[in-house]
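[1] Need coordinates for the following:
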Amino acid sequence: MNKQSRLTTYILVGLVLGIFAGYLANLNLADPAGFADMMSLVTTLFLRLIKMIIAPLVFSTLVVGIARMGDASEVGRIGIKTLGWFFIASLISLTLGLILVNMFRPGDALLGHLPATTAASGIVTSGLSLKEFVTHLVPASIIEGMSKNEILQIVIFSLFFGSAAAAVGEKSAPMVDAMDGVAHVMLKVTGYVMKFAPFAVFAAVAGVIGKSGLGVLKTYGVFMSEFYFGIAVLWALLIGIGFAFLGKRIGGLMAEMRGPALLAFSTASSEAAYPKTLEGLERFGVRNRIAAFVLPIGYSFNLDGSMMYCTFATVFIAQAYGIEMTLGQQMTMMMVLMLTSKGMAGVPRASLVVIAATLGQFNIPEAGLVLLLGIDHFLDMARSATNVIGNSIATAVVAKWEGELVDPIHRDLADAPLP
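    Residues are numbered from 1 along each chain as shown. Okay, the predicted model is just below:
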């Protein structure tokens, strides 16, 4: 069994054992909340290790990729193709959420469980206005952007830095080679950190189940099953569109993404899977300069699972309060979410923050978010895995368009920062 298969197996074992341990803790411990807090320390440690990797990995791989493209027009062409794909994928995700929530009407089943309209959800809605988005788009200092893991800011600076390195030409070659060395080192560090992943998965799942118990899944079973059905449909659509461009190779891509998607699902963090997703794409045959360019942008602009959840959850809350939204209102809401969801990757509890900001614009009680707080972790697991799948397909398709998708057996190893 190769290293990738072993890691996936260990993560799956950690997931199953975590469910079992959490169930026992919830039944037998006098203070299951204390158990959950203790388990969260392990998860927090792992996620902080991942965050430690993200900034230098994104910066080094993206700068090397852009510098080796050499032509600013090529960067612009790839950027336009990438954003075009992201726009279409976003539209599909948001529309699917609207269709399914109107079809299933899950909010009708929770009319008797409504919190008071004056109840506070605890979700801070600031930081999502157009002014704030533009302000955070360009870093006042790249050091500050890296320290806060603002992926979008790192991408913007890397675009300028890599383009300038390409324009300088031969004089920048030693620096580009050094940055390539940094990328190699960071992927080696990733390998070390990932050995800790099964323990983090065990702790994350055990903590949530230990605190909430399996009963929370039963209470919201209908809503969760309908949402997970929607996620399955979205996967089918994304994979189907991927098949239209990649043909039978889409199966190989999904095989490479098993580990990253499972890691994102188990930790409820697509960011945790970023390094392994990058590696998997390169093994699949996507040249590093494309993978390093498209993938980081996708983490800010192409969160397919999160966007489907935004429309699904917003209309669900409206239904739970007996508020009927017209087709025009729902279409307007979809357009609002299309804009406000961009850049959400840098916002804690991003989907809930976006939803909270949207509810107020359509006079839907923000207190309805309380309905979802208890199960948001389980929903976030599916959203995070979907984000990984959506971004991997987007990257592979852009590579195919650019003629940069090669047979992994004959891939030029010198072009990719794999150890």
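[2] From the chain's centroid, how far away is stretch 305-318?
    Between the centre of stretch 305-318 and the centre of its chain there are 16 Å (CA atoms, centre = their mean, to the nearest Å).
[3] what's the answer for stretch 147-164, then?
    On CA atoms, centre = their mean, the centre of stretch 147-164 falls 18 Å from that of its chain.
[4] With just CA atoms, put it into CSV.
    The C-alpha coordinates for stretch 147-164 follow below in CSV (Å, rounded to 0.1, in the frame of the first residue of the first chain):
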residue,chain,number,x,y,z
SER,A,147,0.6,36.3,9.3
LYS,A,148,-3.2,36.2,9.1
ASN,A,149,-3.3,33.6,6.3
GLU,A,150,-5.3,35.9,4.0
ILE,A,151,-5.1,33.7,0.9
LEU,A,152,-6.6,36.3,-1.4
GLN,A,153,-4.0,39.0,-0.3
ILE,A,154,-1.2,36.5,-0.8
VAL,A,155,-2.5,35.7,-4.3
ILE,A,156,-2.6,39.4,-5.2
PHE,A,157,0.9,40.1,-4.0
SER,A,158,2.2,36.9,-5.7
LEU,A,159,0.7,37.9,-9.0
PHE,A,160,2.6,41.2,-8.9
PHE,A,161,5.8,39.6,-7.6
GLY,A,162,5.8,36.7,-10.1
SER,A,163,4.9,39.0,-13.0
ALA,A,164,7.8,41.3,-12.1
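[5] Mind listing what's buried along it?
    Neighbour-count burial for stretch 147-164, with 16 or more other CB atoms under 10 Å as criterion, is recorded at 149-159, 161-163. No exception for glycine: its C-beta is placed from N, CA and C like everyone else's.
[6] Now secondary structure and pLDDT too, for those residues, in a markdown table please.
    Listed next are those as a markdown table, based on DSSP: H, G, I helix; E, B strand; the rest coil; pLDDT from 0 to 100:
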| residue | secondary structure | pLDDT |
| --- | --- | --- |
| 149 | coil | 77 |
| 150 | coil | 77 |
| 151 | helix | 76 |
| 152 | helix | 75 |
| 153 | helix | 83 |
| 154 | helix | 86 |
| 155 | helix | 82 |
| 156 | helix | 85 |
| 157 | helix | 90 |
| 158 | helix | 88 |
| 159 | helix | 85 |
| 161 | helix | 91 |
| 162 | helix | 88 |
| 163 | helix | 87 |
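[7] show me where the stretch 1-150 of the chain has helices.
    Per DSSP state H, counting those that start in this stretch, the stretch 1-150 of the chain carries helices over the ranges 3-28, 32-69, 72-104, 130-137, 142-147.
[8] do the same with the stretch 301-419 of the chain
    With helices called from DSSP H, counting those that start in this stretch, the stretch 301-419 of the chain shows them at 304-320, 327-340, 350-361, 370-373, 376-401.
[9] Now do the first one: which elements does it pack against?
    Under the contact criterion of 3 or more CB pairs under 8 Å, 6 or more residues apart in numbering; DSSP states H and E, the helices and strands touching helix 304-320 comprise helix 72-104, helix 221-246, helix 327-340, helix 350-361, helix 370-373, helix 376-401.
[10] List the buried residues of it.
    For helix 304-320, the neighbour count (16+ other CB under 10 Å) marks 304-320 as buried.
[11] what sits against residue 363?
    Counting by CB atoms under 8 Å, 6 or more residues apart in numbering, residue 363 touches residue 323.
[12] Output the buried residues of stretch 147-164 in CSV, with distance to residue 142 appended to each entry.
    Listed next are the buried residues of stretch 147-164 as CSV, based on distance: CB to CB, whole Å:
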residue, distance to residue 142
149, 12
150, 10
151, 12
152, 12
153, 7
154, 7
155, 11
156, 9
157, 5
158, 9
159, 12
161, 8
162, 13
163, 15
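[13] Residue 188: which of the helices of the stretch 301-419 of the chain is closest?
    Each of the helices of the stretch 301-419 of the chain has some distance to residue 188 by CB to CB; the shortest is helix 376-401, at 21.7 Å.
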